[in-house]
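>>> 3D, please:
(one chain, ligands or ions: 1)
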Amino acid sequence: MAELIVALDVQSRAEAVEKVKAIGDAVDFYKIGLELFTAEGPDVVKAVKDLGKRVFLDLKFHDIPRTVERAVRSGGKLGVDLMTIHSVGAKAMIEAARTAADEFGPNGPKILAVTVLTSLDQADLADVGIVGRTPAEQVQAMAQFATAHGAHGLVCSPKEVGLLSRALPAGTLFITPGVRPAGSAVGDQKRVATPAEAVRDGATHLVVGRPILAASDPVAAAKAIRAEMS
Ligand code: C5P
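Take a look at the predicted model:
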(Lines give C-alpha, C1' and ligand atoms only; values in the text may rest on other atoms or scores of the structure.)
Protein backbone atom coordinates (compact mmCIF):
# COMPACT_ATOMS: atom_id res chain seq x y z
CA MET A 1 0.00 0.00 0.00
CA ALA A 2 1.54 3.30 -1.11
CA GLU A 3 1.92 6.08 1.44
CA LEU A 4 0.87 9.71 1.28
CA ILE A 5 3.46 12.32 2.28
CA VAL A 6 2.38 15.95 2.62
CA ALA A 7 4.98 18.54 1.57
CA LEU A 8 5.12 20.94 4.49
CA ASP A 9 5.97 23.91 2.27
CA VAL A 10 5.45 26.64 4.87
CA GLN A 11 7.84 29.20 6.27
CA SER A 12 7.72 28.77 10.02
CA ARG A 13 7.65 26.12 12.71
CA ALA A 14 4.43 27.58 14.11
CA GLU A 15 2.71 27.31 10.75
CA ALA A 16 4.04 23.78 10.27
CA VAL A 17 2.71 22.64 13.66
CA GLU A 18 -0.63 24.30 12.99
CA LYS A 19 -0.99 22.49 9.63
CA VAL A 20 0.04 19.10 11.03
CA LYS A 21 -2.43 19.43 13.91
CA ALA A 22 -5.22 20.55 11.58
CA ILE A 23 -4.69 17.56 9.27
CA GLY A 24 -4.56 15.25 12.31
CA ASP A 25 -4.94 11.53 11.75
CA ALA A 26 -5.61 11.91 8.03
CA VAL A 27 -1.84 12.04 7.32
CA ASP A 28 1.10 10.65 9.25
CA PHE A 29 4.06 11.52 6.98
CA TYR A 30 5.43 14.99 6.19
CA LYS A 31 8.18 16.32 3.94
CA ILE A 32 10.39 19.08 5.32
CA GLY A 33 12.43 20.75 2.62
CA LEU A 34 15.09 23.40 2.26
CA GLU A 35 12.85 26.40 2.82
CA LEU A 36 11.42 25.32 6.18
CA PHE A 37 14.60 23.63 7.41
CA THR A 38 16.76 26.66 6.60
CA ALA A 39 14.30 28.89 8.44
CA GLU A 40 13.75 26.76 11.53
CA GLY A 41 16.45 24.08 11.68
CA PRO A 42 16.21 20.72 13.44
CA ASP A 43 13.61 22.05 15.89
CA VAL A 44 10.96 21.83 13.21
CA VAL A 45 11.82 18.17 12.60
CA LYS A 46 11.56 17.51 16.34
CA ALA A 47 8.23 19.35 16.52
CA VAL A 48 6.72 17.22 13.74
CA LYS A 49 8.15 14.01 15.25
CA ASP A 50 6.73 15.03 18.65
CA LEU A 51 3.29 15.13 17.04
CA GLY A 52 3.79 11.43 16.26
CA LYS A 53 4.49 11.89 12.55
CA ARG A 54 7.15 10.47 10.26
CA VAL A 55 9.48 12.90 8.50
CA PHE A 56 10.98 12.96 5.02
CA LEU A 57 13.90 15.40 5.25
CA ASP A 58 14.45 16.60 1.69
CA LEU A 59 17.77 18.46 1.77
CA LYS A 60 19.34 16.75 -1.28
CA PHE A 61 22.84 16.29 0.12
CA HIS A 62 25.76 16.55 -2.33
CA ASP A 63 29.15 16.87 -0.66
CA ILE A 64 32.27 14.84 0.10
CA PRO A 65 31.48 11.35 1.44
CA ARG A 66 32.54 12.09 5.03
CA THR A 67 30.31 15.15 5.26
CA VAL A 68 27.31 13.35 3.81
CA GLU A 69 27.86 10.38 6.10
CA ARG A 70 27.87 12.66 9.13
CA ALA A 71 24.85 14.63 7.94
CA VAL A 72 22.87 11.41 7.44
CA ARG A 73 23.91 10.35 10.94
CA SER A 74 22.58 13.67 12.28
CA GLY A 75 19.30 13.01 10.48
CA GLY A 76 19.14 9.52 11.94
CA LYS A 77 19.59 10.95 15.45
CA LEU A 78 16.66 13.28 14.80
CA GLY A 79 14.54 10.25 13.93
CA VAL A 80 14.12 11.18 10.28
CA ASP A 81 12.54 8.41 8.19
CA LEU A 82 13.54 9.38 4.62
CA MET A 83 16.41 11.59 3.40
CA THR A 84 17.57 12.69 -0.06
CA ILE A 85 20.99 12.80 -1.71
CA HIS A 86 22.08 13.66 -5.25
CA SER A 87 23.15 10.60 -7.23
CA VAL A 88 25.81 12.70 -9.03
CA GLY A 89 27.64 12.79 -5.68
CA ALA A 90 29.03 9.50 -6.98
CA LYS A 91 29.73 6.06 -5.59
CA ALA A 92 31.65 6.77 -2.39
CA MET A 93 29.18 9.46 -1.31
CA ILE A 94 26.13 7.24 -1.88
CA GLU A 95 27.81 4.35 -0.04
CA ALA A 96 28.73 6.66 2.85
CA ALA A 97 25.12 7.83 3.15
CA ARG A 98 23.95 4.22 3.28
CA THR A 99 26.58 3.26 5.85
CA ALA A 100 25.38 6.00 8.19
CA ALA A 101 21.72 5.09 7.65
CA ASP A 102 22.39 1.42 8.43
CA GLU A 103 23.79 2.35 11.86
CA PHE A 104 20.20 3.02 12.94
CA GLY A 105 18.96 -0.47 12.08
CA PRO A 106 15.78 -1.38 10.21
CA ASN A 107 13.90 1.69 11.43
CA GLY A 108 16.69 4.09 10.49
CA PRO A 109 16.47 6.61 7.67
CA LYS A 110 16.06 5.37 4.12
CA ILE A 111 18.26 7.04 1.51
CA LEU A 112 16.57 8.35 -1.61
CA ALA A 113 18.57 9.48 -4.62
CA VAL A 114 17.67 12.34 -6.91
CA THR A 115 18.68 11.45 -10.48
CA VAL A 116 18.06 14.51 -12.69
CA LEU A 117 16.10 17.44 -11.28
CA THR A 118 12.85 17.79 -13.22
CA SER A 119 13.68 21.46 -13.78
CA LEU A 120 16.62 20.50 -16.05
CA ASP A 121 16.43 19.92 -19.80
CA GLN A 122 18.93 18.67 -22.37
CA ALA A 123 20.61 22.08 -22.72
CA ASP A 124 21.08 22.33 -18.93
CA LEU A 125 22.71 18.89 -18.87
CA ALA A 126 25.05 19.92 -21.70
CA ASP A 127 26.00 23.07 -19.74
CA VAL A 128 27.29 20.89 -16.91
CA GLY A 129 29.08 18.46 -19.22
CA ILE A 130 26.50 15.70 -19.55
CA VAL A 131 26.34 15.03 -23.28
CA GLY A 132 25.29 12.05 -25.36
CA ARG A 133 22.33 11.17 -23.14
CA THR A 134 18.80 12.55 -23.08
CA PRO A 135 17.46 13.56 -19.67
CA ALA A 136 15.39 10.34 -19.65
CA GLU A 137 18.46 8.23 -20.40
CA GLN A 138 20.38 10.06 -17.68
CA VAL A 139 17.53 9.41 -15.20
CA GLN A 140 17.60 5.69 -15.95
CA ALA A 141 21.38 5.42 -15.79
CA MET A 142 21.60 7.34 -12.50
CA ALA A 143 18.72 5.34 -11.01
CA GLN A 144 20.55 2.09 -11.69
CA PHE A 145 23.80 3.58 -10.42
CA ALA A 146 22.40 5.01 -7.19
CA THR A 147 20.47 1.90 -6.20
CA ALA A 148 23.43 -0.35 -7.06
CA HIS A 149 25.52 1.66 -4.59
CA GLY A 150 23.12 1.63 -1.68
CA ALA A 151 20.25 4.06 -2.23
CA HIS A 152 17.02 2.51 -0.91
CA GLY A 153 15.02 4.36 -3.52
CA LEU A 154 14.56 7.27 -5.86
CA VAL A 155 12.71 10.51 -6.14
CA CYS A 156 11.18 10.58 -9.59
CA SER A 157 8.42 12.18 -11.61
CA PRO A 158 5.19 10.23 -12.01
CA LYS A 159 6.00 10.09 -15.73
CA GLU A 160 9.23 8.17 -15.02
CA VAL A 161 8.08 5.87 -12.28
CA GLY A 162 6.63 3.18 -14.55
CA LEU A 163 9.83 2.69 -16.48
CA LEU A 164 12.02 2.78 -13.37
CA SER A 165 9.85 0.46 -11.30
CA ARG A 166 9.96 -2.15 -14.06
CA ALA A 167 13.75 -1.86 -14.39
CA LEU A 168 14.74 -1.94 -10.70
CA PRO A 169 14.53 -4.70 -8.10
CA ALA A 170 11.40 -5.25 -6.01
CA GLY A 171 11.64 -3.38 -2.73
CA THR A 172 13.08 -0.21 -4.29
CA LEU A 173 11.25 2.88 -3.01
CA PHE A 174 9.78 5.30 -5.54
CA ILE A 175 8.78 8.71 -4.24
CA THR A 176 6.84 10.83 -6.69
CA PRO A 177 5.92 14.51 -6.41
CA GLY A 178 3.89 16.17 -9.16
CA VAL A 179 0.71 14.37 -8.15
CA ARG A 180 -2.62 16.04 -8.73
CA PRO A 181 -6.07 14.57 -8.04
CA ALA A 182 -8.29 14.73 -11.14
CA GLY A 183 -9.75 18.22 -11.50
CA SER A 184 -7.42 19.98 -9.06
CA ALA A 185 -5.18 22.97 -9.85
CA VAL A 186 -1.87 22.01 -11.41
CA GLY A 187 -0.04 25.18 -10.26
CA ASP A 188 3.52 25.33 -11.60
CA GLN A 189 3.80 21.56 -12.06
CA LYS A 190 4.11 20.62 -15.71
CA ARG A 191 4.14 16.82 -15.87
CA VAL A 192 1.53 15.61 -13.43
CA ALA A 193 -0.30 12.35 -12.81
CA THR A 194 -3.25 11.46 -10.64
CA PRO A 195 -2.71 9.52 -7.40
CA ALA A 196 -4.20 6.40 -8.98
CA GLU A 197 -1.91 6.61 -12.02
CA ALA A 198 1.21 7.10 -9.88
CA VAL A 199 0.40 4.13 -7.65
CA ARG A 200 -0.53 1.94 -10.61
CA ASP A 201 2.87 2.73 -12.17
CA GLY A 202 4.77 1.66 -9.07
CA ALA A 203 5.08 4.68 -6.77
CA THR A 204 5.51 3.62 -3.15
CA HIS A 205 5.13 7.14 -1.72
CA LEU A 206 3.32 10.17 -3.17
CA VAL A 207 4.37 13.69 -2.18
CA VAL A 208 1.48 16.14 -2.34
CA GLY A 209 1.64 19.75 -1.20
CA ARG A 210 -0.77 22.43 -2.35
CA PRO A 211 -3.75 20.18 -3.19
CA ILE A 212 -3.91 19.44 0.57
CA LEU A 213 -2.31 22.45 2.28
CA ALA A 214 -4.27 25.00 0.24
CA ALA A 215 -7.58 23.09 0.31
CA SER A 216 -10.50 24.66 2.19
CA ASP A 217 -10.84 21.30 3.95
CA PRO A 218 -7.35 19.71 4.11
CA VAL A 219 -8.60 16.62 5.96
CA ALA A 220 -11.18 15.88 3.26
CA ALA A 221 -8.60 16.53 0.54
CA ALA A 222 -6.11 14.12 2.15
CA LYS A 223 -8.77 11.45 2.62
CA ALA A 224 -9.90 11.78 -1.00
CA ILE A 225 -6.32 11.33 -2.22
CA ARG A 226 -5.82 8.29 0.00
CA ALA A 227 -9.04 6.80 -1.30
CA GLU A 228 -7.84 7.34 -4.86
CA MET A 229 -4.50 5.74 -4.01
CA SER A 230 -6.14 2.59 -2.74
O1 C5P B 1 2.49 21.67 -3.94
P2 C5P B 1 3.03 20.49 -4.71
O3 C5P B 1 2.16 19.26 -4.59
O4 C5P B 1 3.38 20.85 -6.13
O5 C5P B 1 4.40 20.16 -3.94
C6 C5P B 1 5.27 19.18 -4.42
C7 C5P B 1 6.48 19.11 -3.53
O8 C5P B 1 7.43 18.22 -4.11
C9 C5P B 1 7.22 20.43 -3.34
O10 C5P B 1 7.79 20.41 -2.02
C11 C5P B 1 8.29 20.38 -4.39
O12 C5P B 1 9.43 21.13 -4.05
C13 C5P B 1 8.63 18.89 -4.42
N14 C5P B 1 9.21 18.43 -5.67
C15 C5P B 1 8.58 18.56 -6.89
N16 C5P B 1 9.15 18.11 -8.04
C17 C5P B 1 10.35 17.53 -7.99
C18 C5P B 1 11.01 17.39 -6.78
C19 C5P B 1 10.40 17.85 -5.62
O20 C5P B 1 7.46 19.08 -6.94
N21 C5P B 1 10.88 17.08 -9.12
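
>>> The closest residue to Leu78 other than its chain neighbours: what secondary structure?
Excluding the flanking residues, the one nearest Leu78 by CB to CB, 6 or more residues apart in numbering is Val45, at 4.9 Å. Quick note: C-beta positions are derived from backbone N, CA and C, even for glycine. When classified by DSSP: H, G, I helix; E, B strand; the rest coil, Val45 comes out as helix.

>>> cool, and Ile32?
Reduced to three states by three-state DSSP, Ile32 is strand.

>>> for Val6, same thing?
Applying three-state DSSP: Val6 is strand.

>>> Around it, count how many other residues there are.
For Val6, the tally of surrounding residues (other CB atoms under 10 Å) stands at 27.

>>> how close does the residue in the chain that the ligand sits nearest to get to Thr84?
Residue nearest to the ligand within the chain: Gly209 (2.6 Å; CB to the nearest ligand atom). Gly209 is 16 Å from Thr84, where distance means CB to CB, to the nearest Å.

>>> So which of these two has more stuff around it?
With neighbours defined as other CB under 10 Å, Gly209 and Thr84 compare such that Thr84 has more, 23 against 19.

>>> Can you give the contact residues for the strand or helix carrying that one?
If you go by DSSP states H and E, Thr84 is part of strand 82-86. With CB atoms under 8 Å, 6 or more residues apart in numbering as the contact definition, strand 82-86 has outside contacts at 54-62, 68, 72, 75, 93-94, 97, 101, 109-114, 151, 155, 173, 175, 205.

>>> I'd say Gln138 and Val114 touch.
No. Contact criterion CB atoms under 8 Å: Gln138 and Val114 do not qualify, at 11.7 Å.

>>> what ranges do the helices span in the chain?
Here the chain has its helices, by DSSP state H, at 13-23, 34-40, 42-50, 65-78, 91-102, 122-127, 135-148, 161-167, 195-200, 210-213, 218-229.
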